[in-house]
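> 3D model of this:
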Amino acid sequence: MMRKVSYYSRSFPLKKAFRISRGAKNSAEVVTVELIEGCLMGRGEAVPYARYGESVESVLEQINAIKNDLQNAIDNVNLNTLLPAGAARNAVDCALWDLESKIKGSPVWKLLKREEPKNVKTAMTISLDKPEIMAKDVTSYGNQKLIKIKLDSKFVLESVSRIRSVAPQARIIIDANESWTAEQLKVWQSDLHKMKVDLIEQPLPAGEDNALSEFEHLIPICADESFHTSEDIKRMNGLYDCVNIKLDKTGGLTEGLKCIEKASENNLIVMLGCMIASSLSMAPALLLASDASFVDLDGPFFLKEDVIPSLINTSGILCYSSELWG
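Sure, this is the predicted structure:
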């Protein structure tokens with residue numbers, strides 16, 4: 001039976017502008033893939049990322065280029081030979097897993113012989129802003145146990161100090177999105193360590209991170225823009241202490257599982273990350289949460305309206321739903 005293949009873009013308006021060191025966004029632009037076999041449908045969602053040269057148009061073109069293969073029932077292994085790591089492969093890979101789950105009548109976590117996903121309390125991300133506004137945003141989340149702060153190279157210590165004063169018990173991740181220099185990191189890390197920052201994510205530009213091997217890390221350093229797939233793990237040794245696994249970077253759950261395995265073999269801390277997107281993007285990543293020391297899957301929390309069913313329950317916890325995916 002030939003599969004029916006559908007792929008389209010969708011825009012999710014945000015509750016308010018979300019800022020990082022590279023700029024701001026007011027909506028989440030996603031690409032959804034639907035694979036239909038008989039009366040069964042598998043779905044996957046991904047976020048094209050301009051930082052890696054992707055756009056909605058380029059991702060749709062990549063999927064269109066393999067439409068015949070998808071109609072003729074390629075599997076996840078063959079997919080990795082047809083598309084490079086990135087958003088297009090992620091959307092298709094996750095749709096393939098969802099469809100296989102429906103065909104076999106078994107959840108994806110069982111097919112993969114993994115633990116059933118548990119309810120997950122994700123980090124909540126604070127958008128880049130003036131220190132006093134960021135501190136106010138932290139208080140709006142209530143007693144949050146894990147906070148991720150988006151920073152550039154301005155007001156770094158003041159921002160963290162203000163946030164620490166209103167959240168004395170919270171674990172804190174700093175995400176600089178490649179906006180610091182090695183000298184700034186060396187100067188700031190002592191004070192940040194005293195303020196009990198747990199992790200610093202991608203402080204240096206990806207092409208300049210060899211400098212990370214030249215000094216002691218008082219706080220673990222996590223690779224994001226420098227790390228995409230399991231092939232990158234070897235280079236992480238001696239530079240980073242942690243890797244941020246995002247399915248939009250790995251090109252799907254299949255490669256995400258390889259990243260988990262390789263990270264463990266190389267004694268790297270695992271952070272599970274996401275782009276701003278709907279619950280459909282988060283659902284496959286929840287299968288990896290039990291292997292992560294830091295879970296940052298708060299993408300749907302920024303949307304004015306999420307997909308239905310949503311993974312977010314009334315307590316702000318992500319709850320896996322096989323009705324949505326897998």
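> Touching stretch 191-209 from outside, list them.
Residues outside stretch 191-209 that contact it (CB atoms under 8 Å, 6 or more residues apart in numbering) are 148, 156-157, 160-161, 164, 171-182, 184-185, 189, 211-212, 218-226, 239-240, 242, 244, 269, 271, 294. The C-beta positions use only the backbone N, C-alpha and C, and glycine is treated the same way.
> What strand or helix carries I172?
Using DSSP states H and E, I172 falls within strand 171-175.
> tell me what that strand is packed against?
strand 146-150, helix 156-166, strand 197-201 (3 or more CB pairs under 8 Å, 6 or more residues apart in numbering; DSSP states H and E).
> the inter-axis angle of the last one versus helix 156-166?
Going by axes from the mean of the first three to the mean of the last three CA atoms, to 10 degrees, strand 197-201 is angled at 140 degrees with respect to helix 156-166.
> Relative to strand 197-201, what are the paired strands and their orientations?
Strand 197-201 pairs in its sheet with strand 171-175 (parallel), strand 221-223 (parallel), by DSSP bridges.
> Now render the ones you listed as JSON lines, adding distance to P117.
Compiled in JSON lines, those are given as follows (distance: least, CB to CB, whole Å):
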{"stretch": "strand 171-175", "distance to P117": "21"}
{"stretch": "strand 221-223", "distance to P117": "23"}
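> Quick one: the helices in this structure, in order.
Ranges of helices in the chain, per DSSP state H, are 56-65, 67-71, 76-82, 87-104, 108-111, 131-140, 156-166, 182-194, 233-236, 247-250, 253-265, 279-285.
> among the ones you listed, which is nearest L318?
Judged by CB to CB, the one of those that comes nearest to L318 is helix 279-285, at 6.4 Å.
> and the contacts of stretch 191-209, which are buried?
With burial judged by 16 or more other CB atoms under 10 Å, the buried subset of the contacts of stretch 191-209 is 148, 156, 160-161, 164, 171-180, 182, 185, 189, 212, 218-226, 239-240, 242, 244, 269, 271, 294.
> Number of residues surrounding S27?
Neighbour count of S27, defined by other CB atoms under 10 Å: 16.
> Likewise for the one 10 residues further on?
Other residues near E37 number 16, with proximity taken as other CB under 10 Å.
> Please report the distance of the closest residue to E132 other than its chain neighbours from D137.
In space, E132 comes closest to R162 once its chain neighbours are excluded; the distance is 6.5 Å by CB to CB, 6 or more residues apart in numbering. Distance, R162 to D137, by CB to CB, to the nearest Å: 11 Å.
> Likewise for A73?
47 Å.
> Those two: who's more crowded?
Per other CB under 10 Å, whichever of A73 and D137 has more neighbours is D137, with 19 against 14.
> Tell me who's in contact with the nearest residue in space to that one that is not next to it in sequence.
Nearest non-adjacent residue to D137, counting by CB to CB, 6+ apart: I126, 5.1 Å away. By CB under 8 Å, 6+ apart, I126 lies in contact with M134, D137, V138, I147, K148, I149, K150, I163.
> switch the cut-off to 7 Å
By CB atoms under 7 Å, 6 or more residues apart in numbering, the residues touching I126 are M134, D137, V138, I147, K148, I149, K150.
> for the residues you listed, which one is nearest K104?
Minimum distance to K104 across those is 36.4 Å, recorded for K148 (CB to CB).
> so who does the closest one touch?
So, once contact is read as CB under 7 Å, 6+ apart, K148 ends up touching A123, T125, I126, I173, D175, D296.
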